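[1] Requesting a structural model of the entry that follows:
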Amino acid sequence: MKSTATHLSALIATCALTACSTVTVTTDYDHAASFGKYKTYSLAPAAHGPALSPTSEAALRDALRTELAARGITETTSGKGDLAIARVVFTQDKVSVQQYTDWGYGSGGGYAGAWPYAYGTYGMWAGAPRTYTDVSQYTEGTLILDVVDTHTKKLVFRGTGTAVVGGPDSNAGKIRDAVKKMVAALPSAAPR
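    Sure, this is the predicted structure:
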């Protein structure tokens, strides 16, 4: 039974961390903005929060360049573009608590699949349910991309990506994934 509980505990912890390892993206935009008119962008210097590692910074710039170019928006090398993209990055320590109960049914505890109690007893019995708790700590990173129309000085799009922070290569991959999802949500046509 101990072996079963250990395996179940490991499975639950793995599932919980796997669910956290994907990038979650939310977006919103100004429905009155004419996105079809934007042809160039510039990346504004980071204003707040921790700096990205060189690997993550390169991944962010490369992903923006690639994904926006596919939408017909190119990076300007001098001056300001039609859009200014400002980024904010921050991290937050999180705790995940998973709790489950092993009822012991069919675990060979002398009951062979039967209910693990008998009439007339009021205390704990052999094979009584046991509750297990797994606590894991992780760091969650958030990338916010604000897209500003440089002519009107209005925020026209905001994308927020959240994922569990890992190593440099893992973080770079998550940044690419977040940028790809955000740019995919960027409207390309004039408003209706």
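[2] Do you have the strands of this protein handy? List them.
    Taking DSSP state E to define them, one finds strands in the chain at 24-29, 40-43, 74-75, 83-102, 130-149, 154-164.
[3] what bits of this structure have low per-residue confidence?
    Across the chain, the ranges flagged by pLDDT under 70 are 1-21, 48-49, 103-128, 189-192.
[4] redo that, cut-off 50
    1-20, 106-113, 190-192 (pLDDT under 50).
[5] What residues does the closest residue to Lys180 other than its chain neighbours make contact with?
    Excluding its sequence neighbours, the residue lying closest to Lys180 (C-beta to C-beta, 6 or more residues apart in numbering) is Glu67, at 5.5 Å. No exception for glycine: its C-beta is placed from N, CA and C like everyone else's. Applying C-beta atoms under 8 Å, 6 or more residues apart in numbering, one finds that Glu67 lies in contact with 179-180, 183-184.
[6] what's the answer for Gly141, then?
    Counting by C-beta under 8 Å, 6+ apart, Gly141 has contacts 89-91, 162-165, 171, 174.
[7] Going through those, which ones are buried?
    Among the contacts of Gly141, those scoring as buried are 89, 162-165, 171, 174 (criterion: 16 or more other C-beta atoms under 10 Å).
[8] May I see the residues you listed arranged in CSV, with distance to Lys153 as well?
    Output for the buried ones among the contacts of Gly141, formatted as CSV (distance: C-beta to C-beta, whole Å):
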residue, distance to Lys153
Val89, 23
Thr162, 27
Ala163, 31
Val164, 35
Val165, 33
Asn171, 32
Lys174, 31
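[9] how many neighbours does Tyr29 have?
    17 (other C-beta atoms under 10 Å).
[10] so the closest residue to it other than its chain neighbours bridges to which residues?
    Leaving aside its sequence neighbours, Tyr29 sits nearest to Phe157 (C-beta to C-beta, 6+ apart; 4.4 Å). Beta bridges link Phe157 to Tyr29, Val147, judged by DSSP bridges.
[11] quick one, what contacts Phe157?
    Per C-beta under 8 Å, 6+ apart, neighbours of Phe157: 27-30, 33, 145-147, 186-187.
[12] Can you tell me which of those has the most neighbours?
    So for the contacts of Phe157 (other C-beta under 10 Å), the most neighbours sit at Val147, 25 neighbours.
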